[in-house]
Each structure stands twice: as C-alpha cells, then as structure tokens.
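J.: model this:
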Amino acid sequence: MPLRLLLREHPQRAIAVVASSHALIFRYSTATTAADVQSYGSSTKASAPRCLVEFSALDATDLADYRELHTSTVHGTLGLINVKTDIFLCIITGATQVAEVRYGETVQRITSVDFCPGDYDRLQHDPFDPYSGEEGTSTGYEYGHGLDSQEAQFQHPCLELKRILGGGGTFYYSVNFDLTNRLQDRFSEGSAFDVDSLDGEFLWNSYMIDPLIQFRSRLASQEKHALDTSHILTSAIRGFVSTITIPPSASPIKEPRTNLPSHLTLISRLSCKRAGTRFNSRGIDDDGHVANFVETETILWHPSGLCFSYAQIRGSVPVFWEQASGLLPNQQKISITRSPEATQPAFDKHFEYLELAYGAVHIVNLLSESKPGEVELTARYNHHISHSPLNQVIESGGISTPRVLQQSQFDFHAETKGPGGYEAASMVRRLIEDRGDEFAYFLCDGTNALGVDSDEEKAQRGPTEVLQQTGVFRTNCLDCLDRTNLIQTIISQMGLESFLSPRNERASADFWMRHSSVWADNGDALSKIYAGTGALKSSFTRHGKMSLAGAIADARKSATRMYINNFADKGRQNTIDMLLGRLVDQAPVQLFDPVNDFVNAELKRRMNEYSTTEEIQIWVGTFNLNGKGRGVKEDLSAWLCPEINHFQQHPEIVAVGFQEIVELSPQQIMSTDPIRRQAWEDAVRKTLNDNAKRQSTEEYILLRSGQLVGAALMIFVKSSALKNIKNVEGSVRKTGMSGMAGNKGAVAIRMDYAHTRICLVTAHLAAGFANYEERNRDFRTINHGLRFQRNRSIEDHDTIIWLGDFNYRIGLSDDKVRRLIHAGDLETLYFHDQLNLQMVAGRTFPFYSEARITFLPTYKYDNGTDEYDTSEKARIPAWCDRVLRKGSNLRQINYTTAPLRFSDHRPVYATFQCTISKIDESVKRNLSQEIYAKRRSEIKSTSANSKSDDIDEEDLLGYDPIAPGLPPASSDRRRWWLDNGLPARSTIEPPNPQSVLNPHRPSNPFTPSPEPDWVTVSRPSSYQDPSGISSTEGTRKPSVRKTSTNTQTPRNPSLSQDPKPPNNLSSIASSPTTSNPNRKPPPPVPKKPPLLSTPSDRSIDTTTARSSTRSLAETNTAVAPPPPRRTTGANNIPLRQTSSSRHQPDDQDGPPLPQRKGGGLPDLLGDDEGAARMIPSLQPQRRR
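T.: Numbers count the residues shown, from 1 in each chain. Next up, the predicted model:
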C-alpha cells in the first residue's frame, strides 16, 4: 500500500507519514537546551535544528486536523536534513522497478524526490532539466549556478539535492531485502531493514536516515517490527541495478522442470565513504577508504531456485595521490602527497577490510608502463604490496599458508594497441584464471522456487547454501572507469563459465550479448556519476567490436568530460558533501527527545569521564633559502635538532617551511618544480633520523608535503604518532600578481591528531618596505580563500600555526636600525616593527600571538657572513621570518634562530607544547546509555501529535542551578523570579563578617578571572558599608544614604561644564548624582585599606587628593570624566610620573589611548621631553 503525506498547520505545524496501520509524525520543536551542537570544524556554535517525532498506531492517532500535502504517490522516506536552518523531510515521489533479483526481491530506481515542508512548495515543483552528463547540458549542481542574484533568491534550498537524488536516476532502493549487502552476506538475513545488517559503506542516505534509525533503536520490539513492515524508512544505494530477462531458449541453465524465464541481474554499489567527482576525489584516506570504490555483483537466478552470485570490486589506487584538472586531455599531472612510511598504515587498513569482507584479494592493475604519472603510481603500489603483511607467506608446522594479497600487472593500452584492438584484452584471462578457480562463486539452491514444489515441500527443504565465494578480484586503472569496466566484463564472464562448466552447460551467443549489454550500461552509469559522461570503449563492450561511430562517440565524451571536470564538478562535489553531511557548517537534525537532550547536556558536563588529554611536542621552523640549492648538503642539525630542553628534542610533529626554494624567475613563478623540494625532503629526513639514531629514539617519516612554486611545507611525524593522525589534507593559495602567479602565497596542511584539529601554514607575503597594506591583504586572501576539502577553512581548527617569510619590516632608517642592533636594543626595534604595529591595530593576524623576540633581525645578510647587507641597495635589517600561533591548547617554549649562513636569511624555529584531546567512544557510549536509562525512568516523553500550543517540553529537561544556593536557570516558560508571586532571594552569605565582595572581580560573573570572590578587610566597628551590612552586628540593615558609583557624564548638560575635573576616582565615586543645595554633603569616603590599594593609589599626593575631595563636597555637583590629554592635577600642579604610566603626545593623530584601569588618579603625563623618550608609543610613526 502506498504511503500518504499529511500536513497540520495549527496550532503547531506537523507532518504525518501514514502507512496502512501506523503513522510517523514529525513536529518542529522550538525548545532550547544547553545541548547545543557544534558542527565539526566550524568556528561558530549554533543549536542544531530539532523536531519531535512519534510513531503510533492509526487507531490511537487523531488525524482530523491534517490535510493531504502531496498529491503524488509517496514510496518512502530517505530521512531528514537541515538546509539553511530549515528542516526538510525527504520523500520518494517517483520510482520505477528496474530489477527482480529473485522471486519477490524487487529493486526500484528513484526518479523523483521532494523535500517537505517549508515555504518553498511552489519553488521545488518548478520544472528543471535533469543533469545529463553524456550530453554535457548540465551546468553542475552548484547552488545558484547559472542564475542571476534575483533568480537565486527564489531557488529552493534543496533543489540541487533533488536533482542529484532524482534527476540522474542513479539511486536505488528495495522494500523486500537489504540492497546494501551482496547475496552471500544476506542469505540468511531476517529483517529487510535491520540497522545491524545495513552496510554503511554503501548506504548513501545514512546521514539523513541516521536520526530515524536512532529513534527506531529506542522503540519496543513490537513497534520496531511495525515500523519495518510499514516501509516508511528506506535505505538507498547509488550505482547501477538492472535485470535482463533470459528466455528459456537462451538460458544456459537447462532444467527440465520449468519453462519460465531466468533473470540476469547486475548490481553495482558505489561506496559513500570517499565519494566525489573525478578530480576532487582520488586515492585513499586515513581510514582506508578509496575513491570510486564499487562492488559489482553478477546474479543469475533460475526459476527452479538455483541462484548464482559472483562479486568483484574496483577502486582507486590506494595511496595518497592527487591530480589537478586541466583543459588539455591527458596532461593533468599526478602528484603523490605522502611518503611510503606514512602511507603504509592506511594501505594496510584498506586491504584488511577487503580481506575481512571478501577473503583473499587479487589485484589486477591496468595502469600504463610508459606514462610517467601512471608508472610512478604503479611503483608506489608495488612497494606497499610488498610491505603488506597480507602478502607474506606464513610457515606453520611445515605447512605454508598462501598469500592473501597477490597481484597481476596488465598494461591495457600496450596490450590493445596492436591489430587485435580491444579484443586483445581477453589475454588477461591467462594471468588470473587460476586464482579465479580458487575463489569460486556463491551458489544456493531451493530458495524462492516458483511453481516447482508445493508449499509443504519448500518449507521442508528451505534455503540451501551450496558454495561460497572465498576471494575477490580488485581491478583498477587511473579513473577505474573505462578500462576497468571492460576487464570486469571479462572476469564476470569467467565466473559464469566456471559455474556452468562443471554442469556441462554452455551459454549461447545470445546470452553473452545480453551479458555484455548490461555490463556496458553499468559502465556508462558509473562513469556518469564519477566523470560526468558515459564510459569510453562502451561500444566494444556492448557489441564486441569497435566501430567508427563508437570512436567518434568516445571523442565527444572526452571533450564533454573536460568541460564538466573543469567547470561543473566543484558544484557537484559540494552537493555530494551536503547529502552526506560533510560540509563544515552542517549540523544533523536532532529528533527532540527531552531525555536525549538531558543526556547530551550531562555528557558535556561529565566529559572528563570519557575523555583524556595528552601533551605532545611540536617543532616548527621556517627558512628563506634565497634560491640557494647548495644548502641541501649543509649540516642542518643546528636548526632542526637544536640543543634545547630534553622534552622538546624529540617532538611528535616537525613542520618545516621553506620560501624561495627555487629562484623566483619569470619562468618559474607560473609553475611548480618538485625536484628541489624532494631534495630538501631527503635532507631534512636524513638530519632528523641521524639525530634519532644518536639519541636511540624512533625515526621520523614524511607525513605530507606541499609546494607552491618557491614555498614548500613538509610535515614529519614519529612513526608511533601515525595511529593518532587522520584526515591529512593539503591546499595552496596564490597571491602573486592578484592571485595569478605563485611567487607569493601560502601552502597549508591540516590533520586531526586524535580529536584535536591542527593546521600549519607557511606563507611568503608581498615584499617591499612600504607595502605593509599589501601584506595585510595577502593574509586576508589566504586566511579566507584557502580551503581544504568539505569547505574547511584555516579558522576551522583548534590549533593554528603560521610560519614563513611575512616580509614585515622595521619602520626606522637603516642607520638607526643598525645602531640599535649594535646596542642590543631589541625592544625599541620591536616597537617599530610593522607586524607588531599592524597586529596591535587589528589590521592583520587578529587573535594571533607571537612569543617575545630575543634574536637579531633575520634579514638581510651577506651570504656566508654575519654582516647585514653591504650592497648598494643596503636593505634595512628586519624580522621578516616569523612564527605566529593561535589556540588555547598551545604553549610556546622556544623561539630563536640558528646559525646557518648560506642564505641571506637566518632560519627561525619555535617549539610548542600542545594539549591533545582523546575521547574513548566506548566509554562515552556506555555512559550515555546509563544516563538515558536513568532519566527515562524519571520522566515521560512528549507527544509530537499533541494539539496543545503550550507543551511543557522545557520542563522535562532538568534545569539545575549552576551553583548551590542559586535558583535554577530560566527559560521561556520557567521564570523563577515569579514563583509564587515572590521575588527571588539568594541565600549566599559572606564567609565571615570581615569579608566583602571583591571590587576587582569583573561585573560579568562568567568572565574568567584569577580574582577571588571575597576579600577580608579590617574595618572600624562603627563603619557601615554601602551594602547595609554592619560589621559589628552581622545583620542586614537598610543603607542610610546611597552613594553613586556611576562615573559617566550626567544627562543634564548643565552638570557637565566643570572646567576642573577631579583627579581622584574615589572622590568621583563619593559625589552625589543630583545637585541639591539643601542636602548635606556625604561624609568623606574612608581611606582604602592597604590590602586593596594599588601602587598608583599610594603614589598619589594625599594632600592633593584631600583638597580635591573637599572641593567636590563643596560644589556638590556631578562631574564628567577627566579629558584624556590633561597634563596637570588639581591646583595646576604637575603630576608625578609613575612606572605604570603610558605616554601619549599632544601632537599625536588618531584616537587617544585608553586610560589605565585602577582606583588611583588618571594617568596623565607632563610635557617633560625626557620622560616622553622613556615611554614607547604604539604608533611611533606619528611622533615628531
């Protein structure tokens, strides 16, 4: 029975998905809790969208106020998704049956979806042209692409998701069986929708359906069964599914008992773990997932109940490699981004997963042996295979265990270049047929027989498993599309022949033509998903020969691929990441459950029970090489392995940044030559590991490196740290010539160390003494424009370190700088440093910190000497090479230079201690279950179908006071100050009669402060403090006279004309706020006790202060704050300079500096010229 979709508008909007016996009801929730969700990698915190959900029987559900929302047939729901803070329910509105695997096991292809509800109902039903990669008519899936700003405003926020899910026809689902698993794995499976049996590797709507699966897990067993049989929840795969009917005359299985047709089905399941488009998703990730990983299963079913299944897989070469798109075919350069040592753990994870899922693995590598990029990939592939533990022969008791991992190399292009053409590809058989016989196939008999046995006979016989497949072929080329599909067609044919041969049966030519046709359709479908067009060579796969029309079609497809890969794939990749919940600012929908929200808040509060911290050491160094390649042979140990504290000598992470690694000539700035970078990688690795051998510590391996013309960044890590590092990515950003040239710019590498996100950036900013504004602009361009995968920015990290040649100079003349260097006056130099001044002004590197500079300027030296520039240009010495940090978990230990003299710069290094967070997921899960069970027993859940407009959702959340003695937190419906009509009263008392609240505490109680809450003050017994608490009686009394502590200018303008404002802040505090001549002046404020007085208070002339107090008492008026440039105190007496004063000259342009906080006189400085020279200015360029 089809599903129905109903909507209720009032009193609260709700949607009901109604099946034959039950209904699943959703209602938007406005409740606010402390359980805010912070999306991974995002620098902003926001509450995740939430809705109430309820599953109930129809006879217990009131649907009278609901109306029909969707006129189309609803086939199922794919889940919930949040787009721009709106919650949408994704429903399947169009589906076509494309396959029947066995009797009663059907597969539907999704042809259209809708996202409900929202105020976009009209927009999402607008006609659109579905993406057709083969014709190249699509503009990509990028939101708003191809529209002007006015049209984009009215575009439905889920339009691109609707296109990818329904427009391409590449998503499939089944309500009869688990489509995410192959036949061998689901042979004895019970429920068609069992969360424990769904394979997350191929479940493409896992992000959207996960909240509903979690909701299902909390239902009673009877309700779970009702939800599963209602077919409301749908599991979808992406790839290709098709069934071809084989008439009895063409069927290779000759069973005399029936004349019904057989079914040949092909199912290709594309992995969602490293999903993406051609040039945006390559190689492997740290979890062992590879790009374009597809499991393809060939199934032949006969009505007698005999069923054959044969699985094989394809996937990108499992090393860390990238390839940039380009306008010229076959000219896209391949770059391997990690060292062999850093790649091996991920490589092993990948094949361990394959061994666990499929058994033995045989690699069929189709890469070319003549193309340089493919040769490099093959060499690295072979290296990792030889070092894999699965490739070793194990001897046990004189018996040799065969290797689990083996490979065959088949150069497809070389083998098919001859007169035989693509027919020569069949020669791959002789390389793999022996292994094919070992792997066998899956075969079952007697299940789902149609019209052969009686029901009683079938029940007695039941399913029978005859044979299992024990191994799998893993085929790859560069893209795993065209060449791979042709070879997999041959392997599938081999599997079918191995099944038919023992039965003395042979397939007819008609059967093999049908088999080739469905494989050609499979190749086209998978190629459209990954590359945007149908597969090349499909003409040969389909017809067994290559025609002229097929060659022309391949040329057209190649041109279309070039366009799509360069101009449309970015938008398509963004939509895929949105569907899978991988965007940085994306938060999953939270199904509102008062108990679950309470659990989240409790888990946050009790984080220390399941999380631990670890201290790691990070060494960071930057060096501008001035294009000098001879330094590769120099001894770098003074820089890379300095004599520092023992704990910092062997850091877990070593980050080395170079600038001008090559000479920045006009020919070089438009391209990147990796040869010089690789030489420096070897030199740095050798230095680090030679030192490790001397110290008897573990060696370092190259995790990843990156280069932008002359700038290069290399990350080395200890081998023991690899197990904690994941999601390593690199990116570059050009800033030279307005972003067109790479002579200036940045290289960044990010990683997840346990649960801490680290980003390292090396940058080479604009040169020139006066170009500090351009350098500021370069920083902003890099900081906002440099992006990693899934739209991560530099700021989306917990720990950020910038290192490089920032080119900021010292704003003094050359002679003066050299004199100050000779005198060792680094402080004066630093006060004139452009980077320091720009950071203080907030114009660059906001919220970054730099350690105190204790070394001489690092630029510019004569090569090979310690003399600053003696050439005609006479460059002014400057601290061009810097290291900046950002992150509360960082503590800098060292910051200095090294005596390497082969460049005109000096290398700089810094060491850090970084606190890493680790979360034990199993402990967290157990704690969550414990808290949930306890809370569930205490309260009842709310109903999503309630008609009340004032549901006490928040009353179930468990608001607790933040400290003993305080009332609980308030909410929209909980107002503790109105309880019983009485005002709130705090029960906090001073710890003793001599204690008063600390006046130095911040007014905001949540602001971190080292100041204590209370301070003890010795006071006379007759003293009455302003709070009304007598120190002798210890009881609260009303204050006799209130004194104002407001020092702001009164609203009455007549009260702000005093030409002689007082210089004693305590006098201002004691002055009345209104002018009343009949009112007696207040008594003088007692002298502040020594315990609370500041040095500046004690340094003020007490006579002047008393005089000012009397003057204020006589005038009995409120006054304005003192002007910032006043240079005399009361009675025109110059004030004495104190050590904490700050000078601001009278001729300074711009705003005045803020006054010093404290209880003494305002900081006013006289015109004494000697005193002015003692106080450095934050803006020295304005001094005369």
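J.: how about P389, what does it touch?
T.: Contacts for P389 (C-beta atoms under 8 Å, 6 or more residues apart in numbering) come out as D348. Any C-beta I mention is one placed from the backbone N, CA and C, and that applies to glycine too.
J.: pLDDT value on it, please?
T.: We have a pLDDT of 90 for P389.
J.: flag the shaky bits of the stretch 951-1100 of the chain, pLDDT-wise.
T.: 951-965, 967-986, 1019-1100 (pLDDT under 70).
J.: make it 80
T.: Residues of the stretch 951-1100 of the chain meeting the criterion pLDDT under 80: 951-988, 1005-1006, 1018-1100.
J.: pLDDT weak spots in the stretch 1-150 of the chain?
T.: For the stretch 1-150 of the chain (pLDDT under 80), the answer is 1, 11, 28-50, 70-72, 84-85, 117-150.
J.: how about the helices in it?
T.: For the stretch 1-150 of the chain, applying DSSP state H, counting those that start in this stretch gives helices covering 121-124, 149-153.
J.: SS state for K528?
T.: Here K528 is recorded as helix under DSSP: H, G, I helix; E, B strand; the rest coil.
J.: look up how far G239 lies from it.
T.: 11 Å (C-beta to C-beta, to the nearest Å).
J.: equivalent analysis for I644, please.
T.: Distance, I644 to G239, by C-beta to C-beta: 55 Å.
J.: now D185
T.: 16 Å.
J.: neighbour-wise, which of those two wins?
T.: G239 (23 against 16; other C-beta atoms under 10 Å).
J.: tell me which element that one falls in.
T.: strand 236-246 (DSSP states H and E).
J.: so the helix or strand just after that strand versus strand 236-246, what angle?
T.: Next in sequence after strand 236-246, counting helices and strands by DSSP H and E, comes strand 262-270. Interaxial angle, strand 262-270 versus strand 236-246 (axes from the mean of the first three to the mean of the last three C-alpha atoms, to 10 degrees): 160 degrees.
J.: run the chain-centre distance for the following helix or strand past strand 262-270.
T.: Downstream of strand 262-270, the next assigned helix or strand under DSSP H and E is strand 294-301. Mean-position distance between strand 294-301 and its chain equals 35 Å (C-alpha atoms, centre = their mean, to the nearest Å).
J.: name the residues of stretch 363-371 that are buried.
T.: Going by neighbour count (16 or more other C-beta atoms under 10 Å), the buried part of stretch 363-371 is I363, V364, N365, L366, L367, S368, K371.
J.: and which of those residues is nearest L580?
T.: I363 (27.7 Å; C-beta to C-beta).
J.: so the closest one makes contact with L405?
T.: Yes - shown here, I363 and L405 form a contact pair, counting by C-beta atoms under 8 Å, at 7.3 Å.
J.: now the common contact residues for these two.
T.: Shared contacts of I363 and L405, counting by C-beta under 8 Å, 6+ apart, come down to I385.
J.: hey, where'd the strands end up in the stretch 351-500 of the chain?
T.: Assigned by DSSP state E, counting those that start in this stretch, the stretch 351-500 of the chain shows strands spanning 360-365, 394-396, 399-401, 405-409, 442-445, 464-467, 471-476.
J.: got the contact list for the closest residue to I92 other than its chain neighbours?
T.: Leaving aside its sequence neighbours, I92 sits nearest to H75 (C-beta to C-beta, 6 or more residues apart in numbering; 4.2 Å). H75 makes contacts with P2, L3, I91, I92, T93, G94, A95, Q108, T234, as judged by C-beta under 8 Å, 6+ apart.
J.: coming back round to it: figure out which of the strands of the stretch 351-500 of the chain is closest to V319.
T.: Ranking those by proximity to V319 (C-beta to C-beta) places strand 471-476 first, at 11.2 Å.
J.: pLDDT-wise, which helix or strand of the chain ranks last?
T.: Least confident helix or strand of the chain, by mean pLDDT, DSSP states H and E, is helix 1065-1070 with a mean of 36.
J.: per-residue confidence averaged over the helix or strand where R925 lies?
T.: Here R925 sits within helix 921-936, counting by DSSP H and E. Mean per-residue pLDDT for helix 921-936: 85.
J.: run the chain-centre distance for that helix.
T.: 26 Å.
J.: one more: stretch 361-375?
T.: Using C-alpha atoms, centre = their mean, the distance between the centre of stretch 361-375 and that of its chain works out at 33 Å.
J.: can you check stretch 795-810 too?
T.: Distance of stretch 795-810 from its chain centroid, counting by C-alpha atoms, centre = their mean, is 20 Å.
J.: cool, stretch 740-755 as well?
T.: How far stretch 740-755 lies from its chain's middle: 15 Å, per C-alpha atoms, centre = their mean.
J.: assign E663 to helix, strand or coil.
T.: Put simply, E663 is coil when judged by three-state DSSP.
J.: just give the nearest non-adjacent residue to it, would you?
T.: E663 sits nearest to G627 (C-beta to C-beta, 6+ apart), 3.6 Å away.
J.: who's in contact with the one you found?
T.: Contact analysis of G627 by C-beta under 8 Å, 6+ apart lists E660, I661, V662, E663, L664, G710.
J.: the stretch 751-900 of the chain: helices as residue ranges?
T.: So, for the stretch 751-900 of the chain - with DSSP H, counting those that start in this stretch - the helices run 772-785, 814-823, 826-831, 834-840.
J.: out of the ones you listed, flag the one nearest A748.
T.: With C-beta to C-beta as the measure, helix 772-785 is the member of the helices of the stretch 751-900 of the chain nearest A748 (8.1 Å).
J.: need the pLDDT of L1112.
T.: Value for L1112, per-residue pLDDT: 35.
J.: with the one 5 residues further on instead?
T.: We note a pLDDT of 40 for T1117 in this prediction.
J.: with G534 instead?
T.: Reading off the model, G534 has pLDDT 75.
J.: having no further points to raise, I will conclude here.
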